[in-house]
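Trainee: Just the structure for this:
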Amino acid sequence: MTLSGIAETRPLRIVREPRVYLVGRQQVDPAAIERFLLDHGLSWQTDTEVGAEALAEMAGRVCYMSYGKGRKTNREFLEHLVQVGHGSVLEHAVWSLLLTGVSRSFTHELIRHRHFSYSQLSQRYVDESDSEFVEPEVVAGDPEMHRAWCEAVNAARAAYDRLVAGLEHHYASEPDRTLRRKLARQAARSVLPNATETRIFVTGNARALRHFIEMRGSEHADVEMRKVALAMLKILQAESPTLFGDYALTPLPDGSAATRTAHPKV
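Mentor: Residues are numbered from 1 along each chain as shown. Here you go, the predicted model:
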């Protein structure tokens, strides 16, 4: 394909719903916990099987040295911490999630949440010539706007293909094939739209996840961000009802929903 050629026509693959996968959770070391308790003359046993909840409870009890005292159950203890806003203890509870079917627009906003850790698909190494694209619902619902959106995306796809071909020719003297492709793709990606689908691996603690769900699950948040926030909440409420069970969904006029909690900013 020459720089002036026209990219081969391929069907435009459109994504309209994100996917969230819970891929990592914590587990406790019972032997180490028992050694700590014995070394300090303490007796304690939690009633939760969720590692993150157990570790958050253990951390919280260190603050008060309240092992075997006060609130007995894990739920009682952690719900009290949420109610009084002792959010730092929730930072010991950690999960890893993999997000797919999200746009570059989404990840540009997501990475503003600085208390998460991220690993994202690289457009320098991954060929985007047959990538998917995330279309906003409001655009997809209108035939004229949908047509304009598709035309713009297809033009960007064609330009990307032409640039990759031309740049690979430009760097033909580079003997390292992988480097040659990387140099071509990192320049050609400049024409790809924010709608380009991407995948991002996110690790965060319960406090950071709660903040994300509150901010991005709001009715005032970007629609795509809110979809992901609600998907995360659904997973985390099933995973850890004690740390996320205080959230409820409020229906919105468009048929979607927003998050609400009586304990914001924990």
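Trainee: Need the contact partners of the strand or helix carrying K234.
Mentor: Element membership for K234, per DSSP states H and E: helix 223-239. The contact list for helix 223-239 (C-beta atoms under 8 Å, 6 or more residues apart in numbering) reads 17-20, 22, 25, 50, 52, 95, 97, 99, 102-103, 105-106, 109-110, 134, 136-138, 209, 212-213, 215-219, 221, 243-245, 247, 249, 256-259. From N, CA and C alone the C-beta is placed, and that goes for glycine too.
Trainee: residues of that helix that come out buried?
Mentor: The neighbour-count check on helix 223-239 (16 or more other C-beta atoms under 10 Å) flags 224-233, 235-237 as buried.
Trainee: Next: stretch 207-214.
Mentor: For stretch 207-214, the neighbour count (16+ other C-beta under 10 Å) marks 207-214 as buried.
Trainee: can you give me the strands in the stretch 101-250 of the chain?
Mentor: Shown for the stretch 101-250 of the chain, the strands assigned by DSSP state E, counting those that start in this stretch span residues 117-120, 133-134, 197-205, 247-251.
Trainee: so how far is the longest one off the chain centroid?
Mentor: Read that as strand 197-205. Offset of strand 197-205 from its chain centre (C-alpha atoms, centre = their mean, to the nearest Å): 4 Å.
Trainee: elements contacting that strand?
Mentor: strand 94-103, helix 104-110, strand 117-120 (3 or more C-beta pairs under 8 Å, 6 or more residues apart in numbering; DSSP states H and E).
Trainee: Contacts for that strand, please.
Mentor: Contacts for strand 197-205 (C-beta under 8 Å, 6+ apart): 15, 23-24, 90-104, 106-107, 110, 113, 115-121, 131-134, 212.
Trainee: Return the members of these classed as buried.
Mentor: Buried among the contacts of strand 197-205 (16+ other C-beta under 10 Å): 15, 90, 92-97, 99-104, 106-107, 110, 113, 116, 121, 131-134, 212.
Trainee: who's in contact with R210?
Mentor: Applying C-beta under 8 Å, 6+ apart, the residues contacting R210 are 87, 90, 243-244, 266.
Trainee: Leaving out chain neighbours, which residue sits closest to L22?
Mentor: Distance criterion C-beta to C-beta, 6 or more residues apart in numbering; nearest residue to L22, sequence neighbours excluded, is I235 at 5.1 Å.
Trainee: Now do the end-to-end distance for stretch 10-20.
Mentor: Taking C-alpha to C-alpha, to the nearest Å, stretch 10-20 runs 27 Å from one end to the other.
Trainee: That one - what's its average pLDDT?
Mentor: What stretch 10-20 shows for mean pLDDT is 96.
Trainee: Tell me the buried residues in it?
Mentor: Quick answer for stretch 10-20 (16+ other C-beta under 10 Å): 14-15, 18, 20.
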